[in-house]
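Colleague: I'll drop the sequence and a predicted model, then ask my questions.
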Protein chains: 2
Amino acid sequence: MAERKRQLVSNELTEAALQLLATKGFDAVTIDEIATAAGVSKRTFFRYFASKEDVVVQFLAGMGVDIRTELAARPPEERPSAALRYAVGVPLATCTAHSERALRVVRLILRTPALHARFLEHQARWRDDLAAELAGRLGLDPGSDLYPRLAAGMALNAFDAVLHRWSGSDGAEDPTGLIDRAFTVIAPALDAA
Amino acid sequence: MAERKRQLVSNELTEAALQLLATKGFDAVTIDEIATAAGVSKRTFFRYFASKEDVVVQFLAGMGVDIRTELAARPPEERPSAALRYAVGVPLATCTAHSERALRVVRLILRTPALHARFLEHQARWRDDLAAELAGRLGLDPGSDLYPRLAAGMALNAFDAVLHRWSGSDGAEDPTGLIDRAFTVIAPALDAA
DNA sequence: GCCGCTCGTGTCACTCGGTGTCAAGACGCT
DNA sequence: AGCGTCTTGACACCGAGTGACACGAGCGGC
């Protein structure tokens, strides 16, 4: 029950934060505002989130592990381009499923330098994870072979490009179609050898 | 003459900052410390640099334009993989030329999340610039074609991987050799079609 | 019933990054 | 000397983030 309440407060906080940040802009909203809007104190906010950026970015935090677990679940004989495409497709599907909310968050992140920076940091971690998974999958040594890191980077780069285009078109363009087009571009490098 | 003095103060500031940050760690150094070490006030520090991260990251700020101008200078008939490889090679050559200093800065950036985030933000801007240059070079429409952004991303991704490996090996591995190996991996995608 | 226990929260005080304001000097010009 | 301009330092201020502590709610043992 204590866990229930914790989740409740957390949701209240993210809800208030997303609402305020999206309308007034990142810098124009203080943490006090968010906290009072959620009915708690500023101190309590920081017991749930490490920073102002965290409220927004933690909203996408699960994507990294989603990508990696999906890659781990793909059949081993599948070519890297296909496996990575499906792995990266998971968070994109989540985006399209909750497009109203996801679009607002993505737009906010891309428009706000501080958020964008944090987001890129997350992505860098995802890339390392993906590279490790990929190296294990292909039996490569990540210490000597550049391929795993480059491949993971290419996949996430494609993911990023699609996200930009998707939010740039206000959700009009289809992420699935975009990611397919992106992967036809990078596939020759992913599947070489 | 006034310009001389400005440059002098700026150098003093970056020197003090790099020294202190590299030894004590990013969070353990206050701006007051850096400023007093350079013989100026905290307020003056912020007249030269926008933020604490800026002192370190602005050290690499020129790289972005270097890459783009080099790409613009490459012969138009050169294949994208070769042109991008040379473009990205420019800042890497600068790194090897001042390896003692560059290595310290790169290590500091990669080790400090806040700095890493800012660095990635810069890179994202470079990528957009590179993509625009590449689109112009190939006569593609960056609004509809994904290739420019993906290609620019791949090149910078390779640059990033090399930088990591270089700093990870304490400068032992040769950046030129690494970037060549990285580009043989991604070239099939860059030169397809 | 009451006593203690823990745990979540609010309050307060504090540090530090970052900004606006202003007055005091340094410099060039006439 | 007297006058703009430009840089600087001093000061006050805001907001992010942290540490310390006291309060109250819930809960098990007596």
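Modeller: Arrived safely, thanks for sending.
Colleague: Cross-check the contact I'm expecting between A:Leu150 and B:Ala161.
Modeller: Yes - A:Leu150 lies in contact with B:Ala161 (Cβ atoms under 8 Å); the separation is 5.9 Å. Every C-beta, even on glycine, is put in place using the N, C-alpha and C of the backbone.
Colleague: Report the set of residues contacting both of these two.
Modeller: Common neighbours of A:Leu150 and B:Ala161, counting by Cβ atoms under 8 Å, 6 or more residues apart in numbering or on different chains, are B:Ala182.
Colleague: need the strands for chain A, in chain order.
Modeller: Ranges of strands in chain A, per DSSP state E: none exist.
Colleague: okay, now the domains of it?
Modeller: Per automatic domain parsing, the structural domains of chain A span A:2-49, A:58-190.
Colleague: Show me the one of those domains that comes nearest DNA strand C.
Modeller: domain A:2-49 (3.0 Å; Cβ to the nearest atom of the strand).
Colleague: Give me the residue ranges of chain A where confidence is low.
Modeller: For chain A, the stretches flagged by pLDDT under 70 are A:193.
Colleague: Return the residues of it in contact with chain B.
Modeller: A:113, A:116-118, A:120-121, A:123-124, A:146-147, A:149-151, A:153-154, A:157-158, A:160-161, A:164-165, A:178, A:181-182, A:185-190, A:192 (Cβ under 8 Å from any Cβ of the partner chain).
Colleague: Go again with 7 Å.
Modeller: Within chain A, the positions lying close to chain B (Cβ under 7 Å from any Cβ of the partner chain) are A:113, A:116-118, A:120-121, A:124, A:146-147, A:149-150, A:153-154, A:157-158, A:161, A:181-182, A:185-186, A:188-189, A:192.
Colleague: mind listing what the nearest residue to A:Leu190 once chain neighbours are set aside touches?
Modeller: Leaving aside its sequence neighbours, A:Leu190 sits nearest to A:Ser81 (Cβ to Cβ, 6 or more residues apart in numbering or on different chains; 4.1 Å). By Cβ atoms under 7 Å, 6 or more residues apart in numbering or on different chains, A:Ser81 lies in contact with A:Phe183, A:Ala187, A:Leu190, A:Asp191.
Colleague: quick one: which of these is nearest B:Thr96?
Modeller: Nearest to B:Thr96 out of the contacts of A:Ser81 is A:Leu190 (Cβ to Cβ; 29.3 Å).
Colleague: Go ahead and confirm the closest one touches A:Ala83.
Modeller: No - with contacts counted by Cβ atoms under 7 Å, A:Leu190 stays clear of A:Ala83, the gap being 9.1 Å.
Colleague: What separation do you get for the spatially closest residue to A:Ile67 that is not a sequence neighbour and A:Ala35?
Modeller: Sequence neighbours aside, A:Ala87 is the residue nearest to A:Ile67 in space, at 4.9 Å (criterion: Cβ to Cβ, 6+ apart). The gap separating A:Ala87 from A:Ala35 is 37 Å, by Cβ to Cβ, to the nearest Å.
Colleague: Mind checking which of those two has more residues around it?
Modeller: Set A:Ala87 next to A:Ala35 and count neighbours by other Cβ atoms under 10 Å in any protein chain shown: A:Ala87 wins out with 25 against 20.
Colleague: For that one, give its distance to A:Leu134.
Modeller: For A:Ala87 relative to A:Leu134 (Cβ to Cβ), the value is 10 Å.
Colleague: and if you look at A:Arg125?
Modeller: On the measure of Cβ to Cβ, A:Arg125 and A:Leu134 end up 15 Å apart.
Colleague: Could you do A:Leu18 as well?
Modeller: For A:Leu18, the distance to A:Leu134 - Cβ to Cβ - is 33 Å.
Colleague: Residue numbers of chain A in contact with DNA strand C?
Modeller: Neighbours of DNA strand C within chain A, by Cβ under 7 Å from any atom of the strand: A:Ala2, A:Lys5, A:Arg6, A:Val9, A:Gly39, A:Val40, A:Ser41, A:Lys42, A:Arg43, A:Thr44, A:Arg47.
Colleague: Burial check on the fifth one, number of neighbours?
Modeller: So that's A:Gly39. 11.
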